[in-house]
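1. how would this look folded up:
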Amino acid sequence: MEEALRFFNNYEEIVYILLGALAIWEVRKFVLAWEEVRGAAFGLERESAQTRLNSAAILLVLILMMAIAEFVLVSFVVPAVPGAMPLLTPTIDLLATPTITLQPSTPGAETTGTAATPFPVIAEALEGSGCIPGQLVITSPKQGEQISDRVVLTGTVDLPNLGHYEYEVAHPGDPVWLTLQAGRGLKREEALGELNTRTLPPGDTLLRLVATDNEGKVIGTCTIQIYILPPKE
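-> You can find the predicted model right below:
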């Protein structure tokens with residue numbers, strides 16, 4: 001049910017465009033049938049035109065009802081169903097990246113070959129914070145990538161005792177996270193959901209993938225930073 005609601009929510013504009021095109025087509029047929037009814041001189045001809053007029057009128061009513069149903073689903077039903085649309089939920093930032101200070105090497109460390117290297121810090125910056133390769137990782141979009149319009153979020157969620165996962169966004173330094181979508185089941189380099197940037201403010205954005213167990217406890221998080229481009233005019 002949630003997938004169907006997300007479909008009607010994500011493709012709301014396309015649904016209205018299709019219904020509008022059908023409505024224009026049926027209005028044209030209705031007008032032509034109405035003119036035929038008014039100009040019919042014989043009973044059989046008038047009856048045939050009246051049948052076409054009634055058919056066009058019924059289809060117009062059905063199109064109107066479908067448009068109303070789409071509006072009700074998107075405006076009232078979708079917001080009431082968890083996971084069907086973004087919900088603003090304040091959550092504790094479990095992924096605050098610790099500040100790593102590189103200590104200067106000492107002559108003793110140089111002679112013993114134990115000098116610290118910055119390679120682990122670089123790897124973390126490239127892959128994201130808290131991500132576990134092969135178990136909990138976002139593969140697309142990538143760290144630092146600029147995105148716009150609709151983007152399919154892909155990655156891996158393969159942790160023991162997995163209950164469900166969700167992904168959310170926040171501005172750097174903002175403790176309030178916006179939950180975009182949730183899902184269930186193990187994912188291995190698969191689509192996790194869709195990221196509609198047109199509903200989000202442009203700029204630097206943190207994208208976080210959160211995995212929880214069957215009791216709702218967080219068992220893993222993966223955060224990357226992306227840049228959302230302004231919507232195209």
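2. Domains in the chain, by residue range?
-> According to automatic domain parsing, the chain comprises the domains 2-80, 88-228.
3. helices or strands next to the helix or strand in which residue 49 is found in the packing?
-> Using DSSP states H and E, the element containing residue 49 is helix 43-72. Here helix 43-72 touches helix 12-39, going by 3 or more C-beta pairs under 8 Å, 6 or more residues apart in numbering; DSSP states H and E. To be clear about C-beta, it is placed using only N, CA and C from the backbone, and glycine gets the same treatment.
4. Got the phi and psi for residue 149?
-> phi 60, psi -140 (degrees, to the nearest 10).
5. Make sure it is actually in contact with residue 230.
-> No: Residue 149 lies out of contact with residue 230 (C-beta atoms under 8 Å); the separation is 11.0 Å.
6. what ranges do the helices span in the chain?
-> Under the criterion DSSP state H, the chain contains helices at 2-10, 12-39, 43-72, 78-80, 107-112, 119-127.
7. Save those as a markdown table, and put in mean pLDDT, mean neighbour count and distance to residue 210 too.
-> As requested, those are exported to a markdown table (pLDDT from 0 to 100; neighbours: other C-beta atoms under 10 Å; distance: least, C-beta to C-beta, whole Å):
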| stretch | mean pLDDT | mean neighbour count | distance to residue 210 |
| --- | --- | --- | --- |
| helix 2-10 | 75 | 15 | 17 |
| helix 12-39 | 90 | 14 | 27 |
| helix 43-72 | 89 | 14 | 31 |
| helix 78-80 | 63 | 14 | 21 |
| helix 107-112 | 42 | 10 | 39 |
| helix 119-127 | 41 | 12 | 17 |
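8. Out of those, which is closest to residue 140?
-> Nearest of the helices of the chain to residue 140, taken as C-beta to C-beta: helix 119-127 at 13.0 Å.
9. Quick check: residue 189 vs residue 158, distance?
-> 10 Å (C-beta to C-beta, to the nearest Å).
10. In terms of neighbours, single out the busier of the two.
-> Ranked by neighbour count (other C-beta atoms under 10 Å), residue 189 and residue 158 place residue 158 first, with 17 against 12.
11. In contact with that one: list those residues for me.
-> Contact analysis of residue 158 by C-beta atoms under 8 Å, 6 or more residues apart in numbering lists 134, 135, 136, 186, 187, 188.
12. if we go to 6 Å?
-> By C-beta atoms under 6 Å, 6 or more residues apart in numbering, residue 158 lies in contact with 135, 186, 188.
13. And residue 144, by the same measure?
-> Residue 144 neighbours (C-beta under 6 Å, 6+ apart): none.
14. Pop out the phi and psi values for it.
-> According to degrees, to the nearest 10, residue 144 has phi 80, psi 0.
15. And for the one 4 residues further on?
-> Note on residue 148: its backbone torsions stand at phi -150, psi 170 [degrees, to the nearest 10].
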